[in-house]
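Novice: The following comprises the amino acid sequence and a computationally predicted model.
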Amino acid sequence: MSSQILNGVLFVGLLAASPLAASAAPRPVFQDEAYWAPLKSLADARSRPLADRVKRRVMIEIDTRGRDKAGLELFLGKVKSELLEELRRQNDESVQRLGSFPFLSLDLTERELRKLNALKLLYDGDNEPVKFRVEPSPKLFNDTVPARFAPAVGPVSIEKLMTDLGVYDTGKTGAGFRIVVIDEGVDPENKIIKAEVLAGTSIKGAASCELGEETEYDPDLGKNPNTQPWQLDHGTMVAAVASWAAPDADIISIRVGSGEGAFVPDVIAAILEAECKWNSEDAPVAAVVLSMTNKDIKKDSSASHYKSMCTAMNWLWSRHIPVVVSAGNDGPNFEAFPSNLEVAVTVGGALNTLNAPVNSSNWTKVVDLCAPGIQVSIPHPDQPYGFSKNGTSVAAPFVAGALAVLKEAHPKCSIEGIIDALRSEGLSILSMKNGNSVPLIQVRAALSKLNEGCELAVIEAPVDDCGSDELSPAPSVDEVVD
């Protein structure tokens, strides 16, 4: 005989003799606080005002006018730390400190935004509070063209396209160099990639090199967790195209976002990490490829997202690392961000017949080079027909791979000299819709040009041409919230 008390009622029976009763898992007791804690916290969260629950990613630009350049890094470090301390967000994963640049980004609720707006922060010895500007952070999105919108042209193998572009005639394979893919993830085990995916990382919070973390060489860290093995996700496709041009280069995947776009500050942090973590004398980065854009972000040199992205790309350019950006797929007369930045190496998409632009590709004056961008067929050992992809997302990694090949041949040449060789020796492709011509890369011809001589690479201070250092009027808190 045994007895149990449930909810104050005494039950008596032969439960102890039952084998089922002996092996059954104990049921949770209703009064157990640990059992109800998750639901209680959810209920508490729902009972909080909306101003405390909904977070929005914002960018904070700190006013540095009149500051001594020698002490600027110390000033920015202290101001960023104090802002985060006031908001109690020092350990928040959304925080992007963005190096020694005068920008900071994080997720804030409406109540925190209003607190930030009223904050009076005094720096050592100052009589006036530090000025800063807050704006909502936009996103970048994958830059491919769905198959149903692609022109009715047959697929052409990527191997043939590489041959037609003169890549394989160079005798170089990108050995000793790295190509950094900033995207929504690269599957290191996908057999479509010819090169080795050496390492991967995921941007969460500050770039790992800013935190003093040791380099991790785990390729799975840069994999998109939402991708199935039989799929070819966007980042893996970008890495595959670059690897067919430079099969002996190492691919580094820096994952930003996971299917719903990536915030601009996260992309900037990835750009900085490409240089500070993955670039070295023994294994230099040949190019960073970014096939993500946003056509709704207009060219505005007063906006924080514009200035911070430009500043980051200028920093890499001063280290002779170009950021190769897809031009956008919204038509020949529509520019997109960040491909509309002067420092970006912007790549448009050409038909696989190599004699005309793809109708959907941006073909404005900001486009520097073009490469195949429609029905590019990439073989896969487990897929009889391989994969055919479209868009300027496909075109950009052609150029990134070509840069690795040319840098292997002439590692001491400046990036300006290599880009100029690709432009001057390229095949001019004219758009009949707007009259602009863009050079289609001819890699063997560019190599011949470089063989005649080139400007040597010298590490210099980055060019400061990213807009005025004056703060433009910030949007109101209500505008940021909306």
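Specialist: Thanks, I have the structure now. Residues are numbered from 1 along each chain as shown.

Novice: where in the stretch 201-350 of the chain is pLDDT low?
Specialist: Residue ranges of the stretch 201-350 of the chain with pLDDT under 70: 204-217, 227-231.

Novice: Walking through it, point out its helices one by one.
Specialist: 234-245, 264-276, 304-318 (DSSP state H, counting those that start in this stretch).

Novice: Looking at these, which is nearest to D124?
Specialist: helix 304-318 (24.7 Å; Cβ to Cβ). No exception for glycine: its C-beta is placed from N, CA and C like everyone else's.

Novice: just the helices in the stretch 1-150 of the chain please.
Specialist: Under DSSP H, counting those that start in this stretch, the stretch 1-150 of the chain gives helices at 19-23, 33-47, 50-53, 72-87, 110-117.

Novice: Confidence-wise, which of the ones you listed is weakest overall?
Specialist: Lowest mean pLDDT within the helices of the stretch 1-150 of the chain: helix 19-23, at a mean of 43.

Novice: Following the chain past the lengthiest helix in the chain, name the next helix or strand.
Specialist: Secondary structure of the chain per DSSP state H: the longest helix is helix 392-409. Moving toward the C-terminus from helix 392-409, the next helix or strand (DSSP states H and E) is helix 415-424.

Novice: pLDDT (mean, whole number) over that following helix?
Specialist: On average, the pLDDT along helix 415-424 is 96.

Novice: any idea how far it is from the chain center?
Specialist: Chain-centre distance of helix 415-424: 24 Å, with Cα atoms, centre = their mean, to the nearest Å.

Novice: Against which helices or strands is the helix or strand that it is followed by packed?
Specialist: Counting by DSSP H and E, the next helix or strand C-terminal to helix 415-424 is strand 427-430. Counting contacts by 3 or more Cβ pairs under 8 Å, 6 or more residues apart in numbering; DSSP states H and E, strand 427-430 packs against strand 437-440.

Novice: in the strand it packs on, what's buried?
Specialist: Residues V438, P439, L440 are the ones in strand 437-440 that count as buried (16 or more other Cβ atoms under 10 Å).

Novice: Tell me which of the helices of the stretch 201-350 of the chain sits nearest to V399.
Specialist: helix 234-245 (8.6 Å).

Novice: chain center to the closest one, what's the gap?
Specialist: With Cα atoms, centre = their mean, you get 15 Å for helix 234-245.

Novice: how far off helix 392-409 does it point, in degrees?
Specialist: 40 degrees (axes from the mean of the first three to the mean of the last three Cα atoms, to 10 degrees).

Novice: what are the C-alpha coordinates of helix 234-245, in PDB please?
Specialist: Only the C-alpha atoms of helix 234-245 are listed here, as PDB (Å, rounded to 0.1, in the frame of the first residue of the first chain):
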ATOM      1  CA  HIS A 234      24.000  32.700 -51.400                       C
ATOM      2  CA  GLY A 235      27.300  32.800 -49.500                       C
ATOM      3  CA  THR A 236      28.400  29.400 -50.700                       C
ATOM      4  CA  MET A 237      27.600  30.400 -54.300                       C
ATOM      5  CA  VAL A 238      29.800  33.500 -54.000                       C
ATOM      6  CA  ALA A 239      32.700  31.500 -52.500                       C
ATOM      7  CA  ALA A 240      32.300  28.800 -55.200                       C
ATOM      8  CA  VAL A 241      32.600  31.300 -58.100                       C
ATOM      9  CA  ALA A 242      35.700  32.900 -56.500                       C
ATOM     10  CA  SER A 243      37.200  29.500 -55.900                       C
ATOM     11  CA  TRP A 244      36.900  28.500 -59.600                       C
ATOM     12  CA  ALA A 245      39.000  31.500 -60.500                       C
END
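
Novice: mind listing what the nearest residue to K115 once chain neighbours are set aside touches?
Specialist: Nearest residue to K115, sequence neighbours excluded (Cβ to Cβ, 6 or more residues apart in numbering): L87, at 7.0 Å. Neighbour list for L87: L106, L108, E112, K115, L116 [criterion: Cβ atoms under 8 Å, 6 or more residues apart in numbering].

Novice: And the buried ones among those residues, selectable in PyMOL?
Specialist: Selection of buried members from the contacts of L87 for PyMOL, criterion 16+ other Cβ under 10 Å:
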select buried, resi 106+108+112+116
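
Novice: for the contacts of L87, which one is nearest S308?
Specialist: Distances from S308 to the contacts of L87, taken by Cβ to Cβ, are shortest for L106, at 13.7 Å.

Novice: show me the contacts for the closest one.
Specialist: With contacts defined as Cβ under 8 Å, 6+ apart, L106 is in contact with R57, V58, I60, L84, L87, R89, D92, S94, V95, Q96.

Novice: what's the distance between the fourth one and G259?
Specialist: The one in question is L84. For L84, the distance to G259 equals 28 Å [Cβ to Cβ, to the nearest Å].

Novice: Settle it for me: which of these two has more neighbours?
Specialist: When L84 and G259 are compared for neighbours, L84 comes out ahead with 17 against 14, by other Cβ atoms under 10 Å.

Novice: just checking, the more buried one touches Q90?
Specialist: Yes. At 4.8 Å, L84 and Q90 qualify as touching, with contact defined as Cβ atoms under 8 Å.

Novice: what sits up against stretch 304-312?
Specialist: Under Cβ under 8 Å, 6+ apart, the answer for stretch 304-312 is 59-61, 98, 101, 103, 133, 135, 137-138, 264-265, 267-268, 271-272, 297, 299-301, 337-338, 341, 343, 462, 465-467.

Novice: Ok, stretch 157-172 next?
Specialist: Contacts for stretch 157-172 (Cβ under 8 Å, 6+ apart): 241, 244-245, 352, 354, 371-372, 376-379, 386, 398, 401-402, 405-406, 408-409, 440-445, 447.
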